[in-house]
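Fold the following.
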Amino acid sequence: AEDGIRDLVRSRGLGDVYKRQAMRPSARLLPWPILTADHPLSHRPRAGLWPGPARFSDDQLGLQQHVALGQFLAPDHPHQHGANLAPDVIDGLADGGQGGVRVFGLRDVVKAGDGHVVTHGQPTPLRRAYRLEKALGTPAKIFYKNESVNPGGSHKINTSIAQAYFNKKDGVNELTTETGAGQWGTALSIACSMLDMKCTVYMVRVSFEQKPYRRVLMQTYGADVVSSPSDTTDSGRAFQAKFPDTTGSLGMAISEAVEVAAKSGGRAKYSLGSVLNHVLLHQTVIGLEAKAQLEQVGEEPDVVIGCCGGGSNFAGISFPFVPMKNEGKNIDFIAVEPTACPTLTRGLYAYDYGDTAHLTPLLLQYTLGHQFVPPGIHAGGLRYHGVAQQVALLVKEGFMRAVACHQNPVFDALQMFAKAEGILAAPESGHAIRVAIDEALKCKESGESKAILFNLSGHGHFDMSAYEAYTNRKLEDYDLDQSIIDAAESVIPKI
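Reported below is the predicted structural model:
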């Protein structure tokens, strides 16, 4: 497959292909040679990157989200096309600000400024957790999709390369963004470094302090990393004045990044790492690959699990399996969030802003209120007051469900997984591991041999302070007081 891509690229005069292998081919459950030439996963280049044989027809590819959601959402359903930021602010993937998406590819081939083509050598491996199954004594079969094996260490690279590429193609040389625990900021800083673009990352204050080496990693790739709220923006200064001792939030960091882009006169654009439709679409490559990989070993999932903050990770692993449920397959889709930020399990279903300073459009979602500031838990990527509209609707309609977990049981699961499988997973991913273990234990009680699939969205190599706090019994478990949720209703716009 690599030779074929190289020949194609050279024939187009684009230079050599530089392919970064995330894993040795022999270590993948689904290596390239298994795929037939007409398999929808057999070519990494996607429509819009270049013309020629590697380009898919609309019938072959389609919009991944529309394929994934099948007939559940009608074409004219209000959730089929979510609100986007204004075209002069949002990244180059939103077509006219109306939700039309003109990029299909993830793990894509990107033409860099020097004429070379760069990709991250996917698909990522799907593993069966044999040792974890044995440790649990369960008849369940546990599979995990390992998205931690690329240079950024998480699934976020699936959308950052595409977003940076299309901005560069449109003449944009600077991107602004927010990040919680730092996985998204790292992924965008890598993409920008590949394309010689400036990257400014507003990192939520509590994670900025908890994860200094994640910050250093972003800076190594050339990004400017600012603790949010900061004194570099009007919104940041306002947050500091109103909440002087705040730990920060993704809502605040989004406000600062959007403000910088909006006031740049078109020089900079804002890039979001979750929530919006095109980001969810990008991440469905995870589930599409997992589906094909499971087919290779004759398996179909009975349970599909992902941690959920903004929703792109959970949508990425789950959406491609939705048509199977439409066709009668009984699949239990479980989104897992922290009890400290229980957006789906305790939030209000309403129109709300995606940021604290009201700079984004109103989105119909589950929300804890755009002014909500979660406790400073170590799963920084899950500290978001809202969630993707499509995930929200599917949960509201009962097609998927959500559960919330405390920090200590999550780290119990992380330690068990590390001992059994040898992988140190991120605290965010630990939420999915926790529920996968819980579901496997239910199978132990019932005697059922269910196939459980979860997404291991990232590694925890920069989260050692969290593991240290757990080891020293210093992790706190938070249950959000109902008064905080009640207060959210007073600030949510009345529509």
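
does the residue lying closest to residue 310 once chain neighbours are set aside count as helix, strand or coil?
Excluding the flanking residues, the one nearest residue 310 by Cβ to Cβ, 6 or more residues apart in numbering is residue 274, at 2.8 Å. Quick note: C-beta positions are derived from backbone N, CA and C, even for glycine. Put simply, residue 274 is coil when judged by DSSP: H, G, I helix; E, B strand; the rest coil.

Tell me who's in contact with residue 274.
With contact set as Cβ atoms under 8 Å, 6 or more residues apart in numbering, residue 274 has these partners: 184, 309-313, 384, 388.

So which of those residues belong to helices?
The members of the contacts of residue 274 that map onto helices under DSSP state H are 184, 312-313.

residues contacting the residue nearest to residue 423 when sequence neighbours are not counted?
With Cβ to Cβ, 6+ apart as the criterion, residue 423 has its nearest non-adjacent residue at 6.6 Å, and that residue is residue 417. Neighbouring residues of residue 417 by Cβ under 8 Å, 6+ apart: 129, 132, 423, 425, 430, 433, 437.

For the stretch 151-300 of the chain, which segments count as strands?
Assigned by DSSP state E, counting those that start in this stretch, the strands in the stretch 151-300 of the chain fall at 174-179, 198-204, 224-228, 269-270.

want to throw the ones you listed into TSV with mean pLDDT and distance to residue 217?
As requested, those are exported to TSV (pLDDT from 0 to 100; distance: least, Cβ to Cβ, whole Å):
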stretch	mean pLDDT	distance to residue 217
strand 174-179	97	11
strand 198-204	97	11
strand 224-228	97	9
strand 269-270	97	22
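
and residue 380, which of these is closest to it?
strand 198-204 (6.1 Å; Cβ to Cβ).

quick one: contacts of the closest one?
Strand 198-204 is contacted by residues 173-180, 182, 185, 188-189, 192-193, 215, 218, 221-228, 230, 236, 247-250, 252-254, 256-257, 260, 268, 380, 383 when judged by Cβ under 8 Å, 6+ apart.

and the angle from that strand to strand 224-228?
Between the axes of strand 198-204 and strand 224-228, defined by axes from the mean of the first three to the mean of the last three Cα atoms, to 10 degrees, the angle is 20 degrees.

tell me the mean pLDDT for the helix or strand that contains residue 428?
Using DSSP states H and E, residue 428 maps to helix 427-446. Regarding helix 427-446, the rounded mean pLDDT is 98.

Restrict the helix or strand following it to CA atoms and write it as CSV.
As assigned by DSSP H and E, the chain's next helix or strand after helix 427-446 is strand 451-456. Extracted in CSV, the C-alpha atoms of strand 451-456 (Å, rounded to 0.1, in the frame of the first residue of the first chain):
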residue,chain,number,x,y,z
ALA,A,451,-17.6,-9.0,23.1
ILE,A,452,-16.7,-5.7,24.7
LEU,A,453,-14.9,-3.0,22.7
PHE,A,454,-13.5,0.1,24.2
ASN,A,455,-11.3,2.9,22.9
LEU,A,456,-7.9,3.5,24.6
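
Could you report the neighbour count for residue 461?
14 (other Cβ atoms under 10 Å).

if I look at residue 350, how far off is residue 442?
33 Å (Cβ to Cβ, to the nearest Å).

Those two: which has the busier surroundings?
Counted by other Cβ under 10 Å, residue 350 and residue 442 do not tie: residue 350 has more neighbours, with 20 against 15.

Could you check what's spatially nearest to that one, not counting adjacent residues?
Counting by Cβ to Cβ, 6+ apart, residue 492 is the residue found nearest to residue 350 once chain neighbours are left out, at 5.1 Å.
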